[in-house]
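Participant: got a sequence here, can you build the structure:
(2 chains)
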2 protein chains.
Amino acid sequence: MTTSRVLIIGATGRLGQNLVRASIESGRPTFALVRGSSFSNPEKSALLEEFTRAGVQLLKGSLEDVSSLVEAVGQVDAVICAVSSNQVEDQKLADQVKIIDAIKEAGNIKKFYPSEFGNDVDRTHAVEPAKSMFDLKVAIRRKTEEEGIPYTFVSSNCFAGYFLPTLAQLGATTIPREKVTIFGDGNNKAIFVKETDIGAYTIKTVDDPRTLNKIVYIRPPANIITFNELVALWEKKIGKSLEKTYLSEEEVLKLIAESPLPINVVLSINHSVFIKGDHTNFEIDPSASELYPDVKYTTVDEYLDQFV
Amino acid sequence: MTTSRVLIIGATGRLGQNLVRASIESGRPTFALVRGSSFSNPEKSALLEEFTRAGVQLLKGSLEDVSSLVEAVGQVDAVICAVSSNQVEDQKLADQVKIIDAIKEAGNIKKFYPSEFGNDVDRTHAVEPAKSMFDLKVAIRRKTEEEGIPYTFVSSNCFAGYFLPTLAQLGATTIPREKVTIFGDGNNKAIFVKETDIGAYTIKTVDDPRTLNKIVYIRPPANIITFNELVALWEKKIGKSLEKTYLSEEEVLKLIAESPLPINVVLSINHSVFIKGDHTNFEIDPSASELYPDVKYTTVDEYLDQFV
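Facilitator: Numbers count the residues shown, from 1 in each chain, chains lettered A, B, ... in the order given. Next up is the predicted model:
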């Protein structure tokens, strides 16, 4: 069995660090592109030390330094980009185009993972500004395909670590214990995946020919739940009923139109996920859970235990 | 010199864990009230192990179990409450009243710190819903005073770890690199303090008679800055100018009125801090930085380095 050498770009980020750890655990030679300044950064240097101890090869460089990027890409078989794309920023498009250019120049890459890890951006009903943000990812998909670069697009739906600690209550720093706001009627199924599990599933796909030039969906069966089910699960854990406020689609659209950046981005993502049901309103090929039944993912039920 | 025994309630939280570490580092016998369920929680148990190794005495109990609370209070000299109060929840008031009742019953406490660690709630110009949230803290202040319980109220202004990673852009998961939304004209001075420093300053006050029955303000001189200065500092670090959108007070008030919980809470706190200037629009006695010049606090400038 092949074990590709894996380069992770954005390795110190929320998802990136989980990709690094999963790659190392899988036994793959693992590389991380790291800015020189990160080594002298007290917050990041501890993480980089952990990586080094685990056997990660740290390559000094950045997207701004094209030669460092080409050199890094030349040393590996697979490139996973995990730079954040949560804001509507043209720079994000330019950054990933640089990676595609470097992959073309290097000519050796067997698998490219653009920064996806959310909705299937070809199948959303998002309104602005989420629409434009998703369109940036669509543009990168099309460019990857056009350039003939072998790829996997990973649709991992909601990061558990971003949504669950507050039950998707934007602005909250703790989980609600009295009141909760629900987008729409709360009856569409959404999907929440712990970042460590996204890392594990993604790395499983690296050398798997079934995933070549495919979208891989991470849909752990126990984590496909409606917002109402999510709230009910939490209520059961704390033995208490929450006061629920339902926002109609009309109210949410008005709020999105009137809110500044980046509040409107999050609201419009929530609109797509919870009101339009864009995680689950289409059929898919086997999901990652079926391809890799050996991954013991964390269920939403288990995840919520830490907040009781 | 006295070194009080310190009990921390909410010890596994964002601020609580920093209070625990600061108390241990100061050489004080340190106790944490911990729910039984936390020990079997994978996220919390690692932290509790760290505490145990550091010498913290973990006391099983909770605010719901009054006898456990009275017993815990009976073993110490100072009680610091660090339970979250970021949402408008009546339960938070009831919880702290239970602590006050336990302190009265135990009769031995020399210093009580209610869960403050934000604005000086007696001096804000907040609108709803922040107003009600601050009023809960005001009610606890008055009850503490009325019961004759010796206290220090710590006004630590903005948590750096909550505001700075996104430059206070609600909903963002990364720091802005292209666009930034600014509340008001961006010219009021706000104050940002790293959570470890809030822990260090707070613990310094425990046995300091100068702080008995006083409000202690944490205002590190280098961290008293306007929003415009904050953005300029960031722009200088990344060598790039951000596109700025200024929201007038009228626009912000309208948005607060129309937004659901808890978005409206955060917006109304930001209104108080950034538009009304409630961190700095009044004179104070010596701040913690003057009382304890030996605390080497992290400046906003240093804090932002990790995001470059």
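
Participant: which elements pack onto the helix or strand where residue A:154 lies?
Facilitator: Here residue A:154, judged by DSSP states H and E, is contained in strand A:152-155. When contacts are defined as 3 or more Cβ pairs under 8 Å, 6 or more residues apart in numbering or on different chains; DSSP states H and E, strand A:152-155 packs onto strand A:111-113, helix A:195-205, strand A:214-217. In this view, the C-beta of every residue, glycine as well, is placed from N, C-alpha and C.

Participant: closest to residue A:178 out of these?
Facilitator: helix A:195-205 (28.0 Å; Cβ to Cβ).

Participant: who are the neighbours of the helix or strand of chain A with the lowest mean pLDDT, in terms of helices and strands?
Facilitator: For chain A, counting by mean pLDDT, DSSP states H and E, helix A:90-106 ranks last in confidence among helices and strands (a mean of 90). Contacts defined by 3+ Cβ pairs under 8 Å, 6+ apart place helix A:90-106 against helix A:66-74, strand A:78-81, strand A:111-113, helix A:130-146.

Participant: that one to helix A:66-74, inter-axis angle?
Facilitator: In terms of direction (axes from the mean of the first three to the mean of the last three Cα atoms, to 10 degrees), helix A:90-106 departs from helix A:66-74 by 60 degrees.

Participant: pretty sure residue A:187 sits against residue A:230.
Facilitator: No: using Cβ atoms under 8 Å, residue A:187 is not in contact with residue A:230; the gap is 11.5 Å.

Participant: who has more neighbours, these two?
Facilitator: Between residue A:187 and residue A:230, counting by other Cβ atoms under 10 Å in any protein chain shown, residue A:230 is the more crowded of the two (23 against 12).

Participant: re earlier: alpha carbons only: can I get the least confident helix or strand of chain A in CSV?
Facilitator: The C-alpha coordinates for helix A:90-106 follow below in CSV (Å, rounded to 0.1, in the frame of the first residue of the first chain):
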residue,chain,number,x,y,z
ASP,A,90,-10.4,37.9,-2.5
GLN,A,91,-7.0,37.2,-1.0
LYS,A,92,-8.1,33.7,-0.2
LEU,A,93,-8.7,33.0,-3.9
ALA,A,94,-5.3,34.4,-4.9
ASP,A,95,-3.6,32.4,-2.2
GLN,A,96,-5.0,29.1,-3.4
VAL,A,97,-4.3,29.9,-7.0
LYS,A,98,-0.6,30.3,-6.0
ILE,A,99,-0.7,26.7,-4.6
ILE,A,100,-2.3,25.4,-7.9
ASP,A,101,0.4,27.2,-9.8
ALA,A,102,3.1,25.7,-7.7
ILE,A,103,1.6,22.2,-8.1
LYS,A,104,1.7,22.7,-11.9
GLU,A,105,5.2,23.9,-11.8
ALA,A,106,6.4,21.1,-9.6
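
Participant: how far does it sit from its chain's centre?
Facilitator: 19 Å (Cα atoms, centre = their mean, to the nearest Å).

Participant: out of the helices and strands packed on helix A:90-106, deepest packed?
Facilitator: Ranked by mean neighbour count, the helices and strands packed on helix A:90-106 are led by strand A:78-81 with a mean of 26 (mean count of other Cβ atoms under 10 Å in any protein chain shown).

Participant: quick one: list the elements packing against that strand.
Facilitator: The contact analysis (3+ Cβ pairs under 8 Å, 6+ apart) places strand A:78-81 against strand A:6-9, helix A:90-106, strand A:111-113.

Participant: what about the residue in the stretch 101-250 of chain A that chain B sits nearest to, how many residues nearby?
Facilitator: Ranked by Cβ to the nearest Cβ, the top residue of the stretch 101-250 of chain A for proximity to chain B is residue A:171, at 3.6 Å. Neighbourhood size, residue A:171 [other Cβ under 10 Å]: 22.

Participant: helix, strand or coil for it?
Facilitator: The three-state label given to residue A:171 by DSSP: H, G, I helix; E, B strand; the rest coil is coil.

Participant: that one is in contact with residue B:169, isn't it?
Facilitator: No: under the criterion of Cβ under 8 Å, residue A:171 is not in contact with residue B:169, lying 11.2 Å apart.

Participant: does stretch A:137-147 reach chain B?
Facilitator: No: on the criterion Cβ under 8 Å from any Cβ of the partner chain, stretch A:137-147 is out of touch with chain B, staying 15.6 Å away.

Participant: quick one: average pLDDT of that stretch?
Facilitator: Stretch A:137-147 comes out with an average pLDDT of 97.

Participant: so how far is that stretch off the chain centroid?
Facilitator: With Cα atoms, centre = their mean, you get 18 Å for stretch A:137-147.

Participant: got the CA positions of it in PDB?
Facilitator: Taking C-alpha atoms only, stretch A:137-147 is exported to PDB below (Å, rounded to 0.1, in the frame of the first residue of the first chain):
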ATOM      1  CA  LYS A 137     -14.300  27.700  -3.300                       C
ATOM      2  CA  VAL A 138     -16.200  26.800  -6.500                       C
ATOM      3  CA  ALA A 139     -13.700  28.800  -8.500                       C
ATOM      4  CA  ILE A 140     -10.900  26.900  -7.000                       C
ATOM      5  CA  ARG A 141     -12.700  23.600  -7.800                       C
ATOM      6  CA  ARG A 142     -13.100  24.600 -11.400                       C
ATOM      7  CA  LYS A 143      -9.500  25.700 -11.700                       C
ATOM      8  CA  THR A 144      -8.200  22.500 -10.100                       C
ATOM      9  CA  GLU A 145     -10.300  20.400 -12.600                       C
ATOM     10  CA  GLU A 146      -9.300  22.600 -15.600                       C
ATOM     11  CA  GLU A 147      -5.600  22.300 -14.800                       C
END
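
Participant: contacts made by it with the rest, please.
Facilitator: A:85, A:93, A:96-97, A:100, A:103-104, A:112, A:114-116, A:118, A:121-122, A:151, A:153, A:213 (Cβ atoms under 8 Å, 6 or more residues apart in numbering or on different chains).
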